[in-house]
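>>> how would this look folded up:
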Amino acid sequence: MADSHSDVSFNIVEHFGVLATENSGWTKELNLVSWNAREAKYDIRSWAPDKKKMGRGITLTGTECHTLRSLLNTRFPQSSSAINENQQTVQ
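Just a heads-up that it's a prediction; the model follows:
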């Protein structure tokens, strides 16, 4: 088990987008991140505005992302424009 006081290094290899923004300025993002100089994985988590602090998140391999995409496409089969229209209707 890793020492809870050990430093974690990370490199955001590619930023895909912001999923949500909190009033505090923290953003929930989808990124491709290399943790501790390992192979980069897809990563969903909250980040401080300066990207020096992060919240708990989830990392996914490419295969896991593909499976997640299939599951989401099954659950939400509409086009993105239809989803945007539905979100506006609900609010």
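>>> pLDDT weak spots in the protein?
1-5, 79-91 (pLDDT under 70).
>>> In it, which helix is the longest?
Counting residues, the longest helix in the chain under DSSP state H turns out to be helix 62-75.
>>> Show me what that one is packed up against.
Under the contact definition 3 or more CB pairs under 8 Å, 6 or more residues apart in numbering; DSSP states H and E, helix 62-75 sits against strand 41-47. Every C-beta, even on glycine, is put in place using the N, C-alpha and C of the backbone.
>>> count of neighbours near the nearest residue to residue 19 once chain neighbours are set aside?
Leaving aside its sequence neighbours, residue 19 sits nearest to residue 28 (CB to CB, 6 or more residues apart in numbering; 4.5 Å). Residue 28 has 15 neighbours, counted by other CB atoms under 10 Å.
>>> what's the distance between the residue most central in space within the chain and residue 7?
Among the residues of the chain, the one closest to the centroid is residue 44, at 2.0 Å (CA atoms, centre = their mean). Distance of residue 44 to residue 7, computed by CB to CB, to the nearest Å: 22 Å.
>>> quick check, the residue nearest to residue 19 in a helix?
No. Per DSSP: H, G, I helix; E, B strand; the rest coil, residue 28 lies outside any helix segment and is strand.
>>> so who does it touch?
Each residue near residue 28 by CB atoms under 8 Å, 6 or more residues apart in numbering is listed here: 18-22, 44-47.
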